[in-house]
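> A structural model of the following input is requested.
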Amino acid sequence: MVVFVTCVTDQRVMRNSFYFFIALCFACCARAQDTTKILFIGNSFTFFNNMPQMVQSLADSAHLPVLIGMHTPGGVSVGDIAQGSMAHMNNPALFSLIRSRKWDFAVLQDNQGRFIRDSAVFSPASLVVQGHLNIMDSVKANNSCAKMILFGGWAFKNGSPPYGNTGIELIKRILVNYRVLNDTMKEVIAPIGEAWTRAINYLPAVNLWDADDAHPSYAGSYLTASVIFSTIFNLPAKTLDYSAGLSSATSGKLRAFADSAVFDAAGRTIYNLGGAKKIAPQQQSGQLIVPGGFAGYQWYMDGLPAGNQPAQNLAGNGDYWALLRESDGCLIKTCMYRERNNVFTGISPDKLPEALEVYPNPVMDGRMRIRYNGMVPLYGITLVNMTGLAEKITIETLNGETHLLTTGLKPGCYILIVATPGGKLHKKITVVE
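A predicted model of the protein is given here:
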């Protein structure tokens, strides 16, 4: 079963007004760990013809469970200064949606007109680079393994002089500037414009633009969805049987154009299409390694270069990640590895005197029992989160036991500090939902 939550059903109303739209689509029978969570951020170019639902349907056709979220207010850009808190980079509703789930992918579509100027020249009316970075940082703060999919799309069918006299000329400029942006982000560009160019040249009977020559036609949205599907899942869309109501001949050709753009050998490096992979660093004997072999490694600790070898020594507490280079030139950002074992002492918090007992750990019922050599009650109890800040907690003594109430704490890891006659002891605890 697929469930939709929508605010607007009339596309024509959307063209002339601003609105907020969020949709959550999910397969109820799918296990959470098997579901790919995709957040679409954009405007009417994304919302038209419910393109994200087309991605959902392509995934359904491939038997891939997907959950989709959307924030697509009409006319809104990533960082337009004049739009104030409506601009994506300033919108609290968007950041609330980002925090609502650990999204695996965020497809970020900006006003494509911001990308039609000369290479590396963006409109001063929009904080294009900073806006994209702000959103990326928020998405990755909620899930360090999340991947950003940049929307390398189209603009006006008949061009926009002096930047281009045709839609294809604008598409070329848009894709160049997305590559400029990605020099900083090191994420993935969905080569939507490449697929559109192929379709314009080799299937001219199918108009990819709507009547206004700006928004996508139904076929244009379908082609866009096919590119995004193949980009995220690294699977050919042409083998699927979802046609979105188009003729089998037309839909099949459009999916083939999408695949030709995504799986083009040169394009995989240009648009960093291999970067959609997820790789988590693993800790072994005080070093971080990543599975598999790569042509190059660049490790970072707290955002600063830390080493370029396959194995990286844990030099202290901090956030570690690596930028890996594959043999085809694609770059892969690993998930974040957060080292916090030595925040308070020189030993791992789990290697503690057995006289300090905490149970249950992980704690699920909002109450954790603490014992130290039979002492009741215990005093000087502090709970610190992984950023080093103390949490507000309640301590109770019940039936000869000291209880720490964890109700209201966010799920995650914490350090419990207990003052005892022999000094302060530390224990890592986990709070789960």
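> So the closest residue to L240 other than its chain neighbours versus P161, what's the distance?
Spatial nearest neighbour of L240, excluding adjacent residues (C-beta to C-beta, 6 or more residues apart in numbering): S61 at 4.3 Å. No exception for glycine: its C-beta is placed from N, CA and C like everyone else's. Distance of S61 to P161, computed by C-beta to C-beta, to the nearest Å: 41 Å.
> of these two, who's got more company?
A side-by-side neighbour count of S61 and P161, using other C-beta atoms under 10 Å, places S61 first with 15 against 8.
> so the more buried one touches S243, yeah?
No - assessed by C-beta atoms under 8 Å, S61 is found out of contact with S243, at 9.4 Å.
> if we can go back for a sec, which residues touch the residue nearest to L240?
Contacts for S61 (C-beta atoms under 8 Å, 6 or more residues apart in numbering) come out as 240-242.
> let's see 10 Å
S61 makes contact with 229, 237, 239-243, according to C-beta atoms under 10 Å, 6 or more residues apart in numbering.
> With A225 instead?
Contacts of A225 (C-beta under 10 Å, 6+ apart): 49-59, 192, 216, 237, 242, 244, 254-255, 258.
> Tell me the spatial nearest neighbour of it, not counting adjacent residues.
M54 (3.5 Å).
> Tell me how many other residues crowd the one you found.
The local packing of M54 (other C-beta under 10 Å) involves 21 other residues.
> which residues touch it?
218, 221-226, 228-229, 242, 244.
> The helix or strand encompassing L288: partners in the sheet, and parallel or antiparallel?
For L288, the host element (DSSP states H and E) is strand 287-289. Its sheet considered, strand 287-289 pairs with strand 282-284 (antiparallel), strand 312-313 (antiparallel) by DSSP bridges.
> Need the residues that contact it.
280-283, 297, 299, 301, 306-307, 309-314, 320-322, 334, 337, 339.
> Buried residues, it. List them.
By neighbour count with 16 or more other C-beta atoms under 10 Å, strand 287-289 contains the buried residues 288-289.
> Tell me which stretches of the stretch 201-350 of the chain form strands.
282-284, 287-289, 296-301, 304-307, 312-313, 318-325, 331-333, 337-339 (DSSP state E, counting those that start in this stretch).
> Tell me who's in contact with M51.
By C-beta under 10 Å, 6+ apart, M51 lies in contact with 40, 42, 45, 70, 72, 107, 109, 216, 218, 220-225, 228, 244.
> and if you look at Y300?
306-307, 312, 318-323, 333-334, 336.
> Mind doing that once more with 7 Å?
306, 320-321 (C-beta atoms under 7 Å, 6 or more residues apart in numbering).
> could those be laid out in a markdown table, adding distance to A120 and pLDDT?
Converted to a markdown table, those look like this (distance: C-beta to C-beta, whole Å; pLDDT from 0 to 100):
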| residue | distance to A120 | pLDDT |
| --- | --- | --- |
| A306 | 29 | 89 |
| Y320 | 31 | 93 |
| W321 | 26 | 92 |
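> Scan these and report the most crowded one.
That'd be W321 among the contacts of Y300, by other C-beta under 10 Å, with 26 neighbours.
> For that residue, list each beta-bridge partner.
Applying DSSP bridges, one finds that W321 bridges with Y300.
> Hmm, it is touching E339, no?
No - at 11.4 Å, W321 and E339 do not qualify as touching, with contact defined as C-beta atoms under 7 Å.
> Which parts of the protein belong to which domain?
By the assignment in automatic domain parsing, the chain contains the domains 11-275, 282-339, 356-431.
> Which ones among the contacts of A225 map onto helices?
Using DSSP state H, 51-59, 192, 254-255, 258 are the members of these that sit in helices.
> what's the closest of the residues you listed to K428?
A59 (37.8 Å; C-beta to C-beta).
> Near the closest residue to that closest one other than its chain neighbours, how many residues? Count them for me, please.
Leaving aside its sequence neighbours, A59 sits nearest to V66 (C-beta to C-beta, 6+ apart; 4.2 Å). Using other C-beta under 10 Å, V66 has 26 other residues around it.
> Report the separation between V66 and F233.
9 Å.
> right, and out of the ones in helices among the contacts of A225, which lies closest to T184?
I192 (20.3 Å).
> for the protein, which spans come out with low pLDDT?
Applying pLDDT under 70 to the chain flags residues 1-33, 341-355, 374-376, 386-388, 421-423, 433.
> Return the longest helix in it, judged by number of residues.
What stands out as the longest helix in the chain, according to DSSP H, is helix 167-185.
> right, and the helix or strand after it?
Later in the chain than helix 167-185, the nearest helix or strand by DSSP H and E is strand 188-190.
> just the helices in the stretch 251-400 of the chain please.
Counting by DSSP state H, counting those that start in this stretch, the stretch 251-400 of the chain has helices at residues 265-270.
> circling back: return the most buried member of the domains of the chain.
Across the domains of the chain, averaging neighbours per residue (mean count of other C-beta atoms under 10 Å) puts domain 11-275 on top, at a mean of 19.
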